[in-house]
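Enquirer: Pasted the sequence and its predicted model underneath.
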Amino acid sequence: MNAAHWIANLAAWSAQAVALVAAGGMAAFAFRLRAPLVRLAYWQALLAICLLLPAVEPWRRAADSNVEISTTAARPVSPGRAPASFPPWRQALLFVLVSGCAGRALWLAFGFRKLRRWRQARAFSPLPPRLDQLRANLAPRTEFRLSSSASGPVTFGLLRPVVVLPAKFAELLPDIQEAIVCHELLHVRRRDWIFTVAEQFIGGALWFHPAIWWLIGQAQLAREQAVDRDAVALTGNRGQYLNALLAMVVDRPELDLAPAALFLRKRHLKNRVALLLKEVTMSKQKLISFCAASCGVLLAAGWLALHAFPLQAAPVPQEAAASNLLHSVPPKYPQAALEKRIEGPVVLEVHIDAQGRVSDTKVLSGAEELRSAALEAILQWHYNPQAMTLPATMQVTMDFKLPKEGTPVAVVPSAPPYLSPFTLKSIEIEGLSTAARDELLGRLTIHVGDTINGDAMQSAAETVHAFDEHLRAWASPDSGVVKVAVMPQRTAGSAQAGPPRIRVGGNVQQAKLLVKVQPVYPAEAKAQGIEGQVRLQAILGKDGKVENLQVLSGDSLLAVAALDAVRQWQYQTTLLNGDPVEVVTEIQVNFTLAK
């Protein structure tokens, strides 16, 4: 998976996580979720779901085919042109992401170093009898340290847990000391340091994701509130426990540098005090209702997020040029080759013009029975002109493999002459990249569940053709499917009878123009001050003469003059694999009034 693919998937996952966290937060707010242990379990579960999404969701992959295609790296025709590179904005984004992770890793390294210094600080010994008894009851292996650099109590360690107390701790009232020590020992008994460190690492890796940071903050708050509740129950003195919280907020705490359970984060004080001042309970019936409702909300949000922002599997190991295909047409397996049981690779040399279209190609090697199918398919491929250095030449290998016995070979159906109304069950799009597929689906006015008639299908077909002139759409009323794919210009039989008609970009074909007749500016258009551009689609014969013209756009007065002139143009003969072929191209004629 390349860096661009990785960044795209990271953005898609980030959007999925935002949707889930937003839905989960609204569900917790709607049910007034207040019980600390329930809230802690809920936020931790939601965080785990977000992190596990890439592992459990289906990744989009290309459809299987009886023909495997591999592409060599493109080599520019113009040697002076710089090769395509990673776009600058993606380079900057990748640099920011990596720098942020490195900064957070450095931050954690300093934090662990600080914990090490605290472990070596002066021991708080002997403990007052009340505190020593509390340690024996809750966490007998805990060590206590005193440090002047600690602004408040800090707990860390798993096998050798340590509670670091600030230097002013000895000056506090015994009841306040007991409340603080009870809180820290409960953290040790619950092994909260493991979760704290894990959250620090997750937050460091996803430092750029505000929803994840918010989720971690909610889990930390719920954890402290759960310990507050247990500490009040053990000490039996709610008032003194509140005094302990206030005593630790007199001095401004330092930044949360250490990956450890802090007694007090100032941003949590208001919520912790508010919860301590009132009894919070959650009935079993309400808990069950919340679990059922939140599961439904998260499933719905997850389903929508996965379909709106799908992750894309890395392309099958091929050369870089193959990933720049906007769409490709898999070759049809020739019936003659099937009957003779012929299979094997066909190697083609492909020339790509500045618009990303295949302007010329020839077969370098391969069975004669397979060559026409390979040529017919490759001429309808379209590459991304923004992602490659164009024009370019490359080699494409199409490896034809005979289908297994009993496996039908895919046959593209033709559109029925009359379309009976039917209910649309699915829209199948083949030959497009994931991004192009999603964009086309967004433009279509037909959706799953609609009743499709002739008018609706005609509108969909026009939308598909406007999106990409190579695409065709047709319906299968019996199965309720509308299919979109790149349709061949000719059938396999006609392809075998002679070379296919190829499409060449207007700029490329312009260089082959031998005879150009300038159009006569219509007097009526001059009188009305009409000027502009006329776009024509032309079919050039094998001899280079214009055989057919169609107006694509432009003023009607100007179009007549353009047609009269272009019909007299003469081009060089275009060769495909050494044979002359017909060409489809676009011609632009500009009419400009003299100033």
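Expert: Yep, that arrived. Residues are numbered from 1 along each chain as shown.
Enquirer: Check which helix or strand the residue lying closest to residue 259 once chain neighbours are set aside maps to.
Expert: Closest residue in space to residue 259, ignoring its immediate chain neighbours: residue 200 at 4.4 Å, by C-beta to C-beta, 6 or more residues apart in numbering. Any C-beta I mention is one placed from the backbone N, CA and C, and that applies to glycine too. Per DSSP states H and E: residue 200 is located in helix 192-205.
Enquirer: So for the next helix or strand after that helix, what gets flagged as buried?
Expert: Using DSSP H and E, the next helix or strand after helix 192-205 towards the C-terminus is helix 210-235. Neighbour-count burial for helix 210-235 flags 211-212, 215-232, 234-235 (criterion: 16 or more other C-beta atoms under 10 Å).
Enquirer: Let me know the average pLDDT across helix 210-235.
Expert: Taken as a whole, helix 210-235 has an average pLDDT of 90.
Enquirer: tilt between that helix and helix 192-205?
Expert: Relative orientation of helix 210-235 versus helix 192-205 (axes from the mean of the first three to the mean of the last three C-alpha atoms, to 10 degrees): 170 degrees.
Enquirer: Just name whatever secondary elements helix 210-235 is in contact with.
Expert: In terms of contacts (3 or more C-beta pairs under 8 Å, 6 or more residues apart in numbering; DSSP states H and E), helix 210-235 is packed against helix 3-30, helix 36-56, helix 174-190, helix 192-205, helix 238-247, helix 269-276.
Enquirer: can you do 6 Å?
Expert: Counting contacts by 3 or more C-beta pairs under 6 Å, 6 or more residues apart in numbering; DSSP states H and E, helix 210-235 is packed against helix 3-30, helix 36-56, helix 174-190, helix 192-205, helix 269-276.
Enquirer: Mind jotting down where the helices sit in the stretch 301-450 of the chain?
Expert: Secondary structure of the stretch 301-450 of the chain by DSSP state H, counting those that start in this stretch: the helices cover 335-339, 368-378, 434-443.
Enquirer: give me the low-pLDDT residue ranges for the stretch 51-200 of the chain?
Expert: Counting by pLDDT under 70, the ranges of the stretch 51-200 of the chain that qualify are 58-87.
Enquirer: in it, which spans are helices?
Expert: 88-119, 129-138, 174-190, 192-205.
Enquirer: Out of these, which is the most enclosed?
Expert: helix 174-190 (a mean of 22; mean count of other C-beta atoms under 10 Å).
Enquirer: From the rest of the structure, what touches that one?
Expert: 130-131, 134, 138-139, 142, 153, 155, 161, 163, 227, 230-231, 234-235, 240-241, 243-244, 247, 261 (C-beta atoms under 6 Å, 6 or more residues apart in numbering).
Enquirer: Tell me what angle that helix forms with helix 192-205.
Expert: In terms of direction (the same axes, to 10 degrees), helix 174-190 departs from helix 192-205 by 70 degrees.
Enquirer: before we move on, back to that, now render the helices of the stretch 51-200 of the chain as a markdown table, adding distance to residue 22.
Expert: Formatted as a markdown table, the helices of the stretch 51-200 of the chain follow (distance: least, C-beta to C-beta, whole Å):
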| stretch | distance to residue 22 |
| --- | --- |
| helix 88-119 | 23 |
| helix 129-138 | 38 |
| helix 174-190 | 29 |
| helix 192-205 | 19 |
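Enquirer: where exactly do the strands run in the stretch 301-450 of the chain?
Expert: Using DSSP state E, counting those that start in this stretch, the strands of the stretch 301-450 of the chain run over residues 325-327, 344-352, 358-365, 382-383, 392-400, 422-423, 426-429.
Enquirer: least reliable of the ones you listed going by mean pLDDT?
Expert: strand 325-327 (a mean of 71).
Enquirer: re earlier: looking at the helices of the stretch 51-200 of the chain, which is closest to residue 440?
Expert: Proximity to residue 440 (C-beta to C-beta) singles out helix 88-119 among the helices of the stretch 51-200 of the chain, at 24.3 Å.
Enquirer: Understood, closing this out.
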